[in-house]
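>>> below is the sequence, then the predicted model.
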Amino acid sequence: MGEGTEDIGVDLDSQGWGATRSWVEKELSAAERIEKVERLRGGWTSEMRRLDLCGPDGRRSLVLRSFVKPFFVRHAEGLLTREATILRLLGDTDVPAATLVAVDATAQYCDHPSLLMSQLPGTVRLDDQGADDRAELLARQLVRIHRLPVTTQQRPRTYQAWTSPERVTPPAATERPELWQQAVDVIRREPPAYQGCFLHRDFHPGNALFTGPNDDPQISGIVDWVETSWGPADLDVAHCSTALALLHGVPTGMRFADRYVAAGGTLAEDGTTHLYWRLLDALGFAPDAEKVAVPWRELGRVDLTASVLTQRLEGYIESLFSRYA
């Protein structure tokens, strides 16, 4: 998983990582050893490390995900168990996902709840240059994810909403309070009926890896399957659309649903139904999308200040009403 890296040397023993290192070493093949550890930047929910290994059969790298923030430690058993299950499931598909090596979702053996997996090639690309080409690839990839055939037993949990009317906080400096109130009123209704499908649930440019030149990129991996759910395709499309609007501007975010449909995806035919899912996602970023901005800035998008993101989020919500209301 090729997010930005930060060399932290070969010592996993410092700062309470000794038990995790021992657990990792038990999962390695004979005579393999950890040669180097690099912290991967760009994550928000968990600490990610790349472990470079060497042994008689050559070199390889694994990725270690560990939950250290108290909130995510509390929810780690469900999150990591789900990701482990999904990675096993995806191993038999054409979705470019990591291979599960081991999981300790309750920190029975590790210092923190952890999951160990193969490293995927490629890097996260968030620059404006080439954004349209990458959005096209993301739309096609999302269609393939939504078409994954799963049995009733394999079906992931039903989606969970990430905001609610009473939790939405409009930007303090907004000059459009009525727009925000109108948006909140939309999500007060009961969730619309939907045709369920397999959702990544956190599908956005920061969870996609790319290889190749900027003028001819290829998706080499989709990461972060801890929120995988069952629900409407509109919700995955909504999440990626919001992220694209924040990263690259409102028009890019507004075009993603059209790209998805052109790639063969199916969305709610009724505009007000689709608007509900789009706003349910967008309002989860209020008031200023700072939660996602921190890892994006770590990966070089220092232009994404709170004021820029607030302006884009508000402009995006306005555009959603203009098109779908």
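That came in fine, so what should we check first? Numbering: from 1, shown residues only.
>>> for residue 52, give me phi and psi.
The phi and psi values for residue 52, taken as degrees, to the nearest 10, are phi -90, psi 120.
>>> tally of neighbours for it?
Residue 52 sits with 15 neighbouring residues when counted by other Cβ atoms under 10 Å. In short, each C-beta sits where N, CA and C put it, glycine included.
>>> check the protein for its longest helix and report it.
helix 306-324 (DSSP state H).
>>> and it, average pLDDT?
Per-residue pLDDT over helix 306-324 has a mean of 96.
>>> which residues of this structure fall in helices?
Going by DSSP H, the chain shows helices at 18-26, 70-74, 76-90, 131-146, 177-186, 233-248, 250-262, 271-282, 290-298, 306-324.
>>> mind putting the ones you listed into a markdown table with mean neighbour count and distance to residue 171?
Formatted as a markdown table, those follow (neighbours: other Cβ atoms under 10 Å; distance: least, Cβ to Cβ, whole Å):
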| stretch | mean neighbour count | distance to residue 171 |
| --- | --- | --- |
| helix 18-26 | 17 | 40 |
| helix 70-74 | 13 | 24 |
| helix 76-90 | 19 | 30 |
| helix 131-146 | 19 | 25 |
| helix 177-186 | 15 | 8 |
| helix 233-248 | 26 | 13 |
| helix 250-262 | 19 | 16 |
| helix 271-282 | 22 | 13 |
| helix 290-298 | 17 | 11 |
| helix 306-324 | 18 | 5 |
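>>> can I get these in TSV including distance to residue 155?
Formatted as TSV, those follow (distance: least, Cβ to Cβ, whole Å):
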stretch	distance to residue 155
helix 18-26	30
helix 70-74	24
helix 76-90	10
helix 131-146	13
helix 177-186	28
helix 233-248	15
helix 250-262	22
helix 271-282	19
helix 290-298	28
helix 306-324	29
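>>> related to what we said a few turns ago, got the angle for the longest helix of the chain vs helix 233-248?
Calculated by axes from the mean of the first three to the mean of the last three Cα atoms, to 10 degrees, helix 306-324 forms an angle of 140 degrees with helix 233-248.
>>> next, the angle helix 250-262 makes with helix 306-324.
50 degrees.
>>> nearest to residue 111, of the helices of the chain?
Closest to residue 111 of the helices of the chain, according to Cβ to Cβ: helix 18-26, at 4.8 Å.
>>> what residues are up against the spatially most distant residue from the centre of the chain?
Relative to the centre of the chain, the most outlying C-alpha is that of residue 56, 35.4 Å out, by Cα atoms, centre = their mean. The contact partners of residue 56, taken as Cβ atoms under 8 Å, 6 or more residues apart in numbering, are 30-32.
>>> same question, residue 82
Contacts of residue 82 by Cβ under 8 Å, 6+ apart are 156-157, 225-228.
>>> could you measure from it over to residue 105?
Between residue 82 and residue 105 the distance is 9 Å, computed by Cβ to Cβ, to the nearest Å.
>>> likewise residue 64?
Look at residue 64 and residue 105: by Cβ to Cβ, they are 14 Å apart.
>>> residue 36 too?
26 Å.
>>> of the two, which one has the most company?
Taking other Cβ under 10 Å, residue 36 and residue 105 do not tie; residue 105 has more neighbours (19 against 15).
>>> in contact with the residue nearest the centre of the chain, which residues?
By Cα atoms, centre = their mean, the chain has its centre lying nearest to residue 202, at 3.8 Å. By Cβ under 8 Å, 6+ apart, the contact list for residue 202 reads 224, 226-227, 239.
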